[in-house]
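Visitor: Below are the sequence and a predicted model; questions follow.
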Amino acid sequence: MDKIHMNLGNDSYDIVIDNGLIQKAGPMIRDLTGANRAAIITEDGLDRLYGNDLVKSLEEAGFTVQMIVVPSDKKFRTLRMVSRVYGALVDFSLGSDDILIALGGRVVGDITGFTAATYRRGIRYIQFPTSVLAQIGSSIGGKITLDTDAGKDVVGTFYQPKAVFVDPSMAKTLPRRFFHNGMGEAIRMGCVADKELFELFEKVSSDMDIYRVLPEIIRRCCTIKAHYVELDPQSKNERRLLDFGHTLGSAIERSFRYNNMEITHGEATAIGMYLITQRSEMEGVTRHGTTGRLEYVLKSLSLPISTAVPNKILLEALKQDPKLHDDSLPVTMITEIGHGIVKQVKLDDLIKVFKN
């Protein structure tokens, strides 16, 4: 079992990493919280795959448990869904000293985090991410966003969990495409902050090789994320280094209206990483040969490096980025594998990166 401590003063907590954690979480959550009731918020399918095991572990530890199932589609990450969850929690008589548990990916994590931040003026919650993407990214750092009719990510807050429980063995139940989606995020972290992490992907030759070193990959990613959250809890300065590939990737996702079947977050980020590195290497910002190394690793995981979305549509998508200021955006680049920098780039220069 690995533990990574997140040092945030009164909001400090541990990221616990262990195979089979779902079956032994009950006593740990009992010791951590002392609560009597636990409400698990999970998504379609995961209630049967993992939810029943977590319920059993919690009940054996003395909890009274309620499981609330919500849709996994991003379009349900809304205030309307949170309102439905409030109703279920009131019916369950969940008190301010009890605990919420997010068992799922980004959508469940955001719904649970926002509910915890606002239900009875704030209660404790635990992140139990089930996708690699959430395990190494969205579950850590307390950043919570919801979508409204006015737009995506319009409503949000920062509200830290009481703990994050990561079970690497869950990755084996992910479809191959979504496992690789999470690996794209791990590559991103290696590019900006951990050369040895990136080199792990250069050495493996199959998914089975990755599964063997997955706990190490997750540990390294969580350590990186924890470090930058400690430096920048509100994600306004140093934490933006972790946005490598996200600025361009988010524009691509926005162009597809965030349709996961068309393109996943990890796939869009992979394109963003490759294109910005190709450009920065041409301009002498990035060490010669870096783009080739990145291309090899991304292609080994069947991750894309280009998009057919027209520049006109991408430009409009970039203009919707909430970080846009004075017609420019903060863009993370790498000077070499393991070292990232953030530069302000004008939209007119940024759109040239796509070259289509």
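Guide: Looks like it came in fine. Numbering: from 1, shown residues only.
Visitor: by contact count, what packs against the helix or strand harbouring Asp209?
Guide: Using DSSP states H and E, Asp209 sits in helix 207-231. Using 3 or more CB pairs under 8 Å, 6 or more residues apart in numbering; DSSP states H and E, the elements in contact with helix 207-231 are strand 2-6, strand 13-17, strand 163-166, helix 176-193, helix 195-203. Where you see a C-beta, it was placed from the backbone N, CA and C, and this is true even at glycine.
Visitor: Quick one: end-to-end length of stretch 298-313, please.
Guide: 25 Å (CA to CA, to the nearest Å).
Visitor: With stretch 63-82 instead?
Guide: This stretch, stretch 63-82, spans 23 Å end to end (CA to CA).
Visitor: related to what we said a few turns ago, avg pLDDT for the helix or strand following the helix holding Asp209?
Guide: As assigned by DSSP H and E, the chain's next helix or strand after helix 207-231 is helix 246-255. Mean pLDDT, helix 246-255: 94.
Visitor: Keeping just the C-alphas, turn the next helix or strand after helix 246-255 into PDB.
Guide: Moving toward the C-terminus from helix 246-255, the next helix or strand (DSSP H and E) is helix 265-282. In PDB, the C-alpha atoms belonging to helix 265-282 read as follows (Å, rounded to 0.1, in the frame of the first residue of the first chain):
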ATOM      1  CA  HIS A 265     -10.300  13.600 -23.300                       C
ATOM      2  CA  GLY A 266      -7.000  11.600 -23.500                       C
ATOM      3  CA  GLU A 267      -7.200  11.400 -27.300                       C
ATOM      4  CA  ALA A 268      -7.800  15.200 -27.700                       C
ATOM      5  CA  THR A 269      -5.000  15.900 -25.200                       C
ATOM      6  CA  ALA A 270      -2.600  13.600 -27.100                       C
ATOM      7  CA  ILE A 271      -3.300  15.600 -30.300                       C
ATOM      8  CA  GLY A 272      -2.700  18.900 -28.400                       C
ATOM      9  CA  MET A 273       0.600  17.600 -26.900                       C
ATOM     10  CA  TYR A 274       1.900  16.500 -30.200                       C
ATOM     11  CA  LEU A 275       1.000  19.500 -32.200                       C
ATOM     12  CA  ILE A 276       2.300  22.100 -29.700                       C
ATOM     13  CA  THR A 277       5.500  20.100 -29.400                       C
ATOM     14  CA  GLN A 278       6.000  19.900 -33.100                       C
ATOM     15  CA  ARG A 279       5.600  23.600 -33.300                       C
ATOM     16  CA  SER A 280       7.800  24.500 -30.300                       C
ATOM     17  CA  GLU A 281      10.600  22.200 -31.600                       C
ATOM     18  CA  MET A 282      10.400  23.900 -35.000                       C
END
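Visitor: Now do the helix or strand following helix 265-282 and helix 207-231, the angle between them.
Guide: Where DSSP H and E defines the elements, the next helix or strand beyond helix 265-282 is helix 290-300. If you take axes from the mean of the first three to the mean of the last three CA atoms, to 10 degrees, helix 290-300 sits at 120 degrees to helix 207-231.
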